[in-house]
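Novice: Sequence first, predicted coordinates after that:
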Amino acid sequence: MAVTLTERAAKEFVQFLKEQELGDEYGLRLGILTGGCSGYQYQIAPDDNVDDTMDKVYDCHGVKLIVDKKSGLYLDGTTVDFEEHLHGRGFTFSNPNATKTCGCGHSFHA
């Protein structure tokens with residue numbers, strides 16, 4: 001299994017890179033931190049630093065998705081999408097390892 005990025009999420013990230021004038025060397029880093037409402041919270045940010053000994057890199061619709069190996073244990077099988085609705089817009093996570101999630105959508109328990 002792996003971590004994936006939907007085509008829509010990839011397009012939004014590429015647009016973000018253009019708006020921020022960041023180069024092609026940047027990828028989207030996805031990780032987890034302890035904390036949040038349910039125990040772990042998702043971390044997502046542009047990053048141009050890949051450590052070949054600590055990171056796994058996936059190519060998703062032309063976007064470099066970077067996941068550190070520790071986070072990968074909790075994120076294996078996760079799909080990252082981008083949604084727009086009445087309450088806002090942003091990246092969403094569909095994580096099959098989450099046994100409980102918070103209403104904010106950015107916190108989970110595994």
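Specialist: The structure has been received and is ready for your questions.
Novice: just the helices in the chain please.
Specialist: With DSSP state H as the criterion, the chain has helices at 7-19, 69-75.
Novice: Looking at these, spot the one closest to T92.
Specialist: Taking CB to CB, helix 7-19 is the member of the helices of the chain nearest to T92, at 8.4 Å. For every residue, glycine as well, the C-beta is placed using N, CA and C.
Novice: Lowest average confidence across the helices of the chain, which one?
Specialist: Across the helices of the chain, helix 69-75 has the smallest mean pLDDT, namely a mean of 91.
Novice: Closest to the centroid, which residue in the chain?
Specialist: In the chain, the centroid-proximal residue (CA atoms, centre = their mean) is L30; its distance is 3.7 Å.
Novice: Contacts only, for that residue.
Specialist: The contact partners of L30, by CB atoms under 8 Å, 6 or more residues apart in numbering, come to 3, 42-44, 65-67, 71, 75, 78, 80.
Novice: Could you pick out the buried ones from the residues you listed?
Specialist: 3, 42, 44, 65-67, 71, 75, 78, 80 (16 or more other CB atoms under 10 Å).
Novice: Show me which of these is closest to V14.
Specialist: V14 lies nearest to L65 out of these, by CB to CB, at 12.4 Å.
Novice: Distance of that closest one relative to T53?
Specialist: 18 Å (CB to CB, to the nearest Å).
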